[in-house]
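> Give me the fold of what follows.
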Amino acid sequence: MKDKVIIDVCCGSKMFWFDKNNKNVIFNDNRELDTNLCDGRKLVISPDTMMDFTDLNLIEDKSMKLVVFDPPHLTSLGKNSWMAKKYGRLKDDWKPMIKKGFSECFRVLDDYGVLIFKWNETDIPIKEILSLTDIEPLFGHISGKRSNTHWVCFMKLS
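Now for the predicted structure:
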């Protein structure tokens, strides 16, 4: 892992990656899954490492140049629903979990490294999520059919 400088801490099925086997990336998730969704599509979650994003214990401080943080964002999913399988789901204690996730992402991020954060505010507004980190974002972009997915860029300034 020492030659890898990028980590996706909640990679899931690597949906937005162009190269799902990029040799520079540690694809991490806290689960593995190989199943068919209700519509017949295959869903495979096969990370390089299995750590919870709140405890990236295999990753050294300041060892990553780029961190991708796309945590689960839905709170009202059934445990075995296809959306929970595909995206994961937030538990009731999501605030300390997301706060610790940001903290871990910034811990492993090198000085002047970049954190790309993705959040869908269907259940929780982005403002509430961004209040869980002391680091100010540089810029962001809203996308999606309903304009409720936010891409946010941070830089770890020393």
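
> What lies in contact with stretch 140-153?
114-122, 126, 130, 137-139 (Cβ atoms under 8 Å, 6 or more residues apart in numbering). C-beta: built from backbone N, CA, C; applies to glycine.

> go on, stretch 26-44?
1, 4, 6-14, 20, 45-53, 56, 59, 82, 85-86, 88.

> Go ahead and produce CSV holding the CA coordinates of it.
Extracted in CSV, the C-alpha atoms of stretch 26-44 (Å, rounded to 0.1, in the frame of the first residue of the first chain):
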residue,chain,number,x,y,z
ILE,A,26,-6.7,2.0,-2.1
PHE,A,27,-10.4,1.1,-2.5
ASN,A,28,-11.7,0.7,1.0
ASP,A,29,-15.1,-0.2,2.5
ASN,A,30,-16.4,-1.8,5.6
ARG,A,31,-18.2,-4.6,3.8
GLU,A,32,-18.0,-7.1,0.9
LEU,A,33,-21.0,-8.0,-1.1
ASP,A,34,-21.7,-10.0,-4.3
THR,A,35,-25.5,-10.1,-5.0
ASN,A,36,-28.2,-9.4,-7.5
LEU,A,37,-30.4,-6.4,-6.9
CYS,A,38,-34.2,-6.6,-7.3
ASP,A,39,-34.0,-5.4,-10.9
GLY,A,40,-31.5,-8.1,-11.8
ARG,A,41,-28.4,-5.9,-11.9
LYS,A,42,-25.3,-7.4,-10.3
LEU,A,43,-23.8,-5.5,-7.3
VAL,A,44,-20.2,-6.3,-6.3
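
> mean confidence for it?
Taken as a whole, stretch 26-44 has a mean pLDDT of 90.

> got the contact list for the least confident helix or strand in the chain by mean pLDDT?
Here the helix or strand of the chain ranked lowest by mean pLDDT, DSSP states H and E is helix 82-87, holding a mean of 78. If you take Cβ under 8 Å, 6+ apart as the criterion, helix 82-87 is touched by 12-13, 33, 35, 37-39, 43, 72-74, 77-78, 89.

> ok, the closest residue to I135 other than its chain neighbours to N36 distance?
Leaving aside its sequence neighbours, I135 sits nearest to F154 (Cβ to Cβ, 6 or more residues apart in numbering; 5.4 Å). Relative to N36, F154 is positioned 36 Å away (Cβ to Cβ, to the nearest Å).
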